[in-house]
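Trainee: heads up, no residue letters with this:
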C-alpha cells in the first residue's frame, strides 16, 4: 500500500438531514482517509471481530499443523530408511548362512570332515556376530510356541512328548531385522496325538 492513495468512504445520509434544515445539508458526503488511517481504523474497530480474519487465522493454524505433521512424517521416514537401509543386502546374505548350517549339519556326521566343520562353524559364528551388530536376530527354536507372525508352518507332527502348537523342528531358520521380520522360520508344529 502506498501512503499517497486515499480512500473515499461515503457517509450515510439519513432522513434526519431533511428535517434538520439547510445548514445540515452542507456536511460532506464522503470522508477521505489515507491507507494507514484506514488500516488503523480497521484494526481498532473491525478486525477484532472480523470473520475473514478469524478464517485466515484458522487457515494459518491448519497450515502450521500440516507443516508440523509433514516434518514429523519426513523425520520418521528418514529414520526408517536409515534403520532398514541394509535390509536388501542382509536378505541376500541369508542363503550363505543357510548353506553354512547345512554344511555343519551334514559334515558333522563325517569324522574326516571334523576340521573343515570346525572352520565352517567358526566362520558362521563370526558371520552371525557381524549380522547381529546390524540388528539381525535369528527366529525359530525348537520348543518355542508357534507364532504365525514369525513362523511358517510347513507341517504338523503328532507328538506325545510336547504340548500342542509348539515348534517341533526348524527346517529353515528365520530372521528379524530390528523389529521387522526379514524372513519367517519354516517349522513343523506339534499336534496332540
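Mentor: Everything's here; your move. Since the model is a prediction, treat every value here as computed from it, not as a measurement.

Trainee: For residue 124, list the residues it contacts.
Mentor: Counting by Cβ atoms under 8 Å, 6 or more residues apart in numbering, residue 124 makes contact with 97, 100-101, 104. For every residue, glycine as well, the C-beta is placed using N, CA and C.

Trainee: how near is it to residue 106?
Mentor: Here the criterion is Cβ to Cβ, to the nearest Å. By it, residue 124 lies 14 Å from residue 106.

Trainee: Then residue 84?
Mentor: Taking Cβ to Cβ, one finds residue 84 at 34 Å from residue 106.

Trainee: more neighbours, the two?
Mentor: residue 84 (15 against 11; other Cβ atoms under 10 Å).

Trainee: How much space separates that one from residue 37?
Mentor: As for residue 84, its distance to residue 37 is 62 Å (criterion: Cβ to Cβ).

Trainee: what's the burial count for residue 59?
Mentor: 10.

Trainee: Now do the SS call for it.
Mentor: Per DSSP: H, G, I helix; E, B strand; the rest coil, the local secondary structure of residue 59 is helix.

Trainee: likewise residue 121?
Mentor: helix.

Trainee: surely it meets residue 104?
Mentor: Yes: with contacts counted by Cβ atoms under 8 Å, residue 121 reaches residue 104, the gap being 5.7 Å.

Trainee: Can you check the pLDDT for residue 187?
Mentor: pLDDT, residue 187: 95.

Trainee: how distant is the helix or strand hosting it from the center of its chain?
Mentor: According to DSSP states H and E, residue 187 maps onto strand 185-191. Offset of strand 185-191 from its chain centre (Cα atoms, centre = their mean, to the nearest Å): 33 Å.
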